[in-house]
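A.B. asks: dropping a prediction and its sequence here:
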Amino acid sequence: MTDALQRAIATLWIDGDDLDPEEITRLLGGNPRSDVRKGQTFLDQSDRLITARTGRWRFGGDWENEPNVGDQIAVLLAQLSQDLDVWTSITSRYHCYMCVGGYLRGWTGGITFEPHILTLLAERGLSIDFDLYAPDMSKDEHLP
């Protein structure tokens, strides 16, 4: 349940200095949103040329309004390998996590994950990272 979120996105990140994006794509069976090897150059979102400090493989959906982040995570993971041995191989070698980005409706709120979503993450050895943004709190009317 994510009533506190106005919009959100869930994205799987896999990072590592010796990461081979083609290997991750082959093992997980999904085409990444973006991937890069360490030392490779790429254009960032502002069209600046960047040299990757580490390898990265990123797989995810799109921003959703009125989101259910648990459902986003379940749908995302359903598109990838269900072989937990493959996941163990990847998570033992690389930093792997589900990143949830979101905008809160108000200055406070929470996100609840149902047990089956926590199980999906735990079975795959994935941690979770939250990047949540709240409205401007400089106005007194937002304070309790």
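C.D. replies: Noted; the coordinates are in hand.
A.B. asks: give me the beta-bridge partners of the closest residue to Gly60 other than its chain neighbours?
C.D. replies: By the measure of C-beta to C-beta, 6 or more residues apart in numbering, the closest residue to Gly60 outside its immediate chain neighbours is Thr11, 3.0 Å from it. Using the backbone N, CA and C atoms, a C-beta is placed for each residue, glycine as well. According to DSSP bridges, the residues that bridge with Thr11 are Gly60, Cys99.
A.B. asks: confidence score at Thr11?
C.D. replies: Listed pLDDT for Thr11 reads 96.
A.B. asks: is it in contact with Cys96, as I believe?
C.D. replies: No - if you go by C-beta atoms under 8 Å, Thr11 and Cys96 don't touch, sitting 11.8 Å apart.
A.B. asks: now the helices: where do they sit in the chain?
C.D. replies: Applying DSSP state H to the chain gives helices spanning 21-28, 69-78, 84-93, 115-123.
A.B. asks: please identify the deepest-packed of these.
C.D. replies: helix 69-78 (a mean of 18; mean count of other C-beta atoms under 10 Å).
A.B. asks: show me what the helix or strand of the chain with the lowest mean pLDDT is packed against.
C.D. replies: In the chain, no helix or strand scores lower on mean pLDDT, DSSP states H and E than strand 64-65, which sits at a mean of 81. Counting contacts by 3 or more C-beta pairs under 8 Å, 6 or more residues apart in numbering; DSSP states H and E, strand 64-65 packs against strand 5-16.
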